[in-house]
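**Q** Mind looking at a prediction? Sequence and model below.
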Amino acid sequence: QVQLVESGGGLVQPGGSLRLSCTASGNMFALRSMGWYRQAPGQQRERELVATMTNSGSTNYGDFVKGRFTISMDNGKNTLYLQMNSLKPEDTAVYYCNRRQGILKTTEIWGQGTQVTVSS
């Protein structure tokens, strides 16, 4: 069993920055990718892609990111980061960490989420 624990969320003013962290522990093997998704509050929306990184280091970002966010990974610490700059009120959401691992079959694990609120 793999556990993902997110931290770093909070309240920030528009234009500010936050750095999210996601630490993985447990039965980790055959990493395929890790990433961040978010879900806006108050509506039944699907989680949307924020950023992902494969085990080879390739990255993919949601269109709305537009150079404001950077995903990175510290393999030695089993930790995934998301540096978020120039935050906007529409970035307000619960941010979830995701891990996909496996060889023949892909297992997907989610963290519990961390709230990010952008407001003046």
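**A** Ah, there it is.
**Q** now the residue nearest the centre of the chain, what's its secondary structure?
**A** Nearest residue to the geometric centre of the chain (CA atoms, centre = their mean): residue 36, 2.2 Å. Of the three states, residue 36 takes strand under DSSP: H, G, I helix; E, B strand; the rest coil.
**Q** Can you verify my assumption that it contacts residue 47?
**A** No - the pair residue 36 / residue 47 is not scored as a contact, 9.7 Å apart, by CB atoms under 8 Å. All C-beta atoms are positioned from the backbone trio N, CA, C, and that covers glycine.
**Q** intersection of neighbour lists for those two?
**A** residue 96 (CB atoms under 8 Å, 6 or more residues apart in numbering).
**Q** now the helix or strand residue 19 falls within, how far from the chain's geometric center?
**A** Using DSSP states H and E, the element containing residue 19 is strand 18-26. Centre-to-centre, strand 18-26 and its host chain are 8 Å apart (CA atoms, centre = their mean, to the nearest Å).
**Q** what do you get for stretch 48-55?
**A** 7 Å.
**Q** same check, this time on stretch 31-43
**A** Taking CA atoms, centre = their mean, one finds stretch 31-43 lying 6 Å from the centre of the chain it belongs to.
**Q** contact partners of it?
**A** By CB under 8 Å, 6+ apart, stretch 31-43 touches 20, 22, 24, 45-55, 60, 71, 73, 80, 82, 91-102, 106, 113, 116.
**Q** Please apply the same query to stretch 108-120.
**A** 2-14, 16, 18, 20, 22, 38-39, 84, 87-101.
**Q** swap in stretch 78-85?
**A** Residues contacting stretch 78-85 (CB under 8 Å, 6+ apart): 17-25, 28, 34-36, 50-51, 53, 68-74, 91, 95, 97, 116.
**Q** thinking residue 101 is in contact with residue 30, fair?
**A** Yes - in this structure, residue 101 is within contact of residue 30 by CB under 8 Å, at 5.2 Å.
**Q** more neighbours, these two?
**A** residue 101 (20 against 13; other CB atoms under 10 Å).
**Q** Return the set of residues that bridge with the more buried one.
**A** Beta bridges link residue 101 to residue 31, residue 107, judged by DSSP bridges.
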